[in-house]
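Engineer: Sequence first, then the predicted structure:
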Amino acid sequence: MEKKPDRIIDQEGSFRAEKTVLEAIRDFNMLQNGDSVLISISGGPDSTFLTHMLYRLRDEFNLTLFGFCLDHMTRNGRSALDAAFVKKLCKKLDIRLFSEKIDARRWSKANKLSFQAGARKLRMSRLEEISGKYNIARIAVGHNADDNIETFLMRLIRGAGARGLSGIKPVSGNIIRPLINTSREDIMEYIKYHDIRYCVDHTNLENVYFRNKIRNKLIPFIRENFFKNFRSSVLRSIGILRDEDDFLRKYASKLLKEIARFSKSKDGKDIIYIKIPIEPVISSSVAIRRRIISSAMEVILGHLEDISFKNITDVLLLLKTESGGENKWLQPIRSLRILRINGFIHMVDLEHIKELPREIKSYTFDGPGKGTGLRILKCAGPGNKNKWGNGP
């Protein structure tokens, strides 16, 4: 009989994978007693391990577990087999499963996204929709330590600041990542030791996507030719950058609240308009300017998922428009419009046009309102009907 590996078990008889998961849950306060948790399950090793770990912790934390599986209708029917596996797994562990079947490639194309970005956005939107509908407190996803390293390297190569290089957050709102400090190697050894079955997505081995090239080519090259233990060094850097990013985000958010005026939607749930005086922003260092602008965008949008460094830079250029010159506006993404009017920056949620304050409703715009270039802003005359409805 083949001997089980010893190195994944410490002197106390605990598995390293188990310990890192428990440490992450406690260090980042991921779970509270009595929580309900919706697990994103693809059937791969990471999500299967995550499901087993949360199942083992069910009694300790008094958890109510749910699962979600999205069949992307890809890989010539293999994704359907993965979905069937997830169904059996959840039945075995007595976990209620929500499952859907969507042509993710077609959906991504229709929404002008890459397949990977589209599939991720589609999956997360469904998870958030289900958690909201059924009042589920947490969404658990299977990002591990190696995913974090890959994300760091991808963003480093593309050019990112401290926010991007701070990696994948252990907790983002109601989304938790219990495996964030657990290596892929430890997960695989745990699964092998306990003879846990899982699905294999062979496209992860194909060096077509950027992340796969980082995973399969760059990281092995670095370990072999430069620094075998670089993984721990990168994770340490990610931790440092995450701490500094958290401080800067809180600092910028505090400054924004002190200088800006906010307007909420009629139901009081969303911030739909922010008015920011330019002088205190422009008098700050460029690093703080970026942070204030990104903080305001995050307040309006609820996230920064679709905001690029160029979008932030464009707003900084808007700040530098000479006083007394023409008022300007730009639109980084479809749902957000940013205007410079008489010494103020105005950020507007276009999904709540009819609820905007009268002072901003009185303006109309030239051009189709798309793209990120600066545009001339004109005030509508008395009685003129503008794109947002009648003026004051």
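Structural biologist: Looks like it arrived, so ask away.
Engineer: Any idea how many residues pack against the nearest residue to Gly343 once chain neighbours are set aside?
Structural biologist: If you skip the residues right next to it in sequence, Gly343 has Ile278 as its closest partner in space, 5.4 Å away by CB to CB, 6 or more residues apart in numbering. No exception for glycine: its C-beta is placed from N, CA and C like everyone else's. Number of residues near Ile278 (other CB atoms under 10 Å) recorded here: 18.
Engineer: measure Ile278 to Ala80 for me?
Structural biologist: When distance is defined by CB to CB, to the nearest Å, Ile278 is 55 Å away from Ala80.
Engineer: For the residue nearest in space to the middle of the chain, which three-state class applies?
Structural biologist: Computing the C-alpha centroid of the chain and ranking residues by CA atoms, centre = their mean puts Glu305 first, at 5.9 Å. In three-state terms, and counting by DSSP: H, G, I helix; E, B strand; the rest coil, Glu305 is coil.
Engineer: can you give me the helices for the stretch 251-392 of the chain?
Structural biologist: In the stretch 251-392 of the chain, helices defined by DSSP state H, counting those that start in this stretch lie at 278-282, 286-301, 309-319, 358-361, listed in chain order.
Engineer: highest average neighbour count across those?
Structural biologist: Counting by mean count of other CB atoms under 10 Å, helix 286-301 has the highest mean neighbour count of the helices of the stretch 251-392 of the chain, with a mean of 20.
Engineer: Chain neighbours aside, what residue packs nearest to Lys213?
Structural biologist: For Lys213, the closest residue by CB to CB, 6+ apart turns out to be Asn207, at 5.0 Å.
Engineer: ok now do the one you found, which residues does it touch?
Structural biologist: For Asn207, the contact set (CB atoms under 8 Å, 6 or more residues apart in numbering) comprises Lys213, Asn216, Lys217.
Engineer: same question, Pro45
Structural biologist: Applying CB under 8 Å, 6+ apart, the residues near Pro45 are Arg184, Ile187, Met188, Ile191, Tyr198.
Engineer: which strands and helices sit next to the strand or helix carrying Leu22?
Structural biologist: Assigning secondary structure by DSSP states H and E places Leu22 in helix 16-27. Counting by 3 or more CB pairs under 8 Å, 6 or more residues apart in numbering; DSSP states H and E, the packing neighbours recorded for helix 16-27 are helix 45-56, helix 184-193.
Engineer: Go through the shortest one and flag the buried ones.
Structural biologist: What that stands for is helix 184-193. Residues Arg184, Asp186, Ile187, Met188, Glu189, Tyr190, Ile191 are the ones in helix 184-193 that count as buried (16 or more other CB atoms under 10 Å).
Engineer: Could you break the protein into its assigned domains?
Structural biologist: Taking automatic domain parsing as the reference, the chain has its domains at 16-242, 260-390.
Engineer: mind listing what Trp107 touches?
Structural biologist: The contact partners of Trp107, by CB under 8 Å, 6+ apart, come to Gly118, Leu122.
Engineer: thinking again about what came up before, quick one: the helices and strands packed on helix 16-27 as TSV, columns for distance to Arg26 and mean pLDDT too.
Structural biologist: Supplementary listing: those in TSV, determined by distance: least, CB to CB, whole Å; pLDDT from 0 to 100:
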stretch	distance to Arg26	mean pLDDT
helix 45-56	13	97
helix 184-193	18	94
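Engineer: So for the residue nearest to Lys213, what pLDDT did the model give?
Structural biologist: Asn207 carries a pLDDT value of 75.
Engineer: got CSV for the contacts of Asn207, with neighbour count and secondary structure too?
Structural biologist: Below are the contacts of Asn207 laid out as CSV (neighbours: other CB atoms under 10 Å; DSSP: H, G, I helix; E, B strand; the rest coil):
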residue, neighbour count, secondary structure
Lys213, 15, helix
Asn216, 14, helix
Lys217, 11, helix
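Engineer: between those, which is nearest Arg261?
Structural biologist: Distance ranking of the contacts of Asn207 against Arg261, using CB to CB, places Lys213 first at 46.4 Å.
Engineer: can you count the residues close to Glu244?
Structural biologist: A count of neighbours around Glu244, defined by other CB under 10 Å, yields 14.
Engineer: Spatially, what comes nearest to it if we skip its sequence neighbours?
Structural biologist: Leaving out its chain neighbours, Glu244 is closest to Ala162 (CB to CB, 6+ apart), at 5.8 Å.
Engineer: What distance do you get for the one you found to Ala287?
Structural biologist: Look at Ala162 and Ala287: by CB to CB, they are 9 Å apart.
Engineer: hey, what's in contact with both of those two?
Structural biologist: Taking CB under 8 Å, 6+ apart as the contact rule, the neighbours common to Ala162 and Ala287 are Leu248.
Engineer: Tabulate the helices and strands packed on helix 16-27 (JSON lines), appending distance to Phe309.
Structural biologist: What follows is those, written out as JSON lines (distance: least, CB to CB, whole Å):
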{"stretch": "helix 45-56", "distance to Phe309": "29"}
{"stretch": "helix 184-193", "distance to Phe309": "29"}
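Engineer: for the stretch 101-250 of the chain, what spans make up the helices?
Structural biologist: So, for the stretch 101-250 of the chain - with DSSP H, counting those that start in this stretch - the helices run 104-110, 115-133, 145-158, 162-165, 184-193, 210-213, 219-225, 230-259.
Engineer: out of the ones you listed, nearest to Glu18?
Structural biologist: Proximity of the helices of the stretch 101-250 of the chain to Glu18 was assessed by CB to CB; the nearest stretch is helix 184-193, lying at 7.3 Å.
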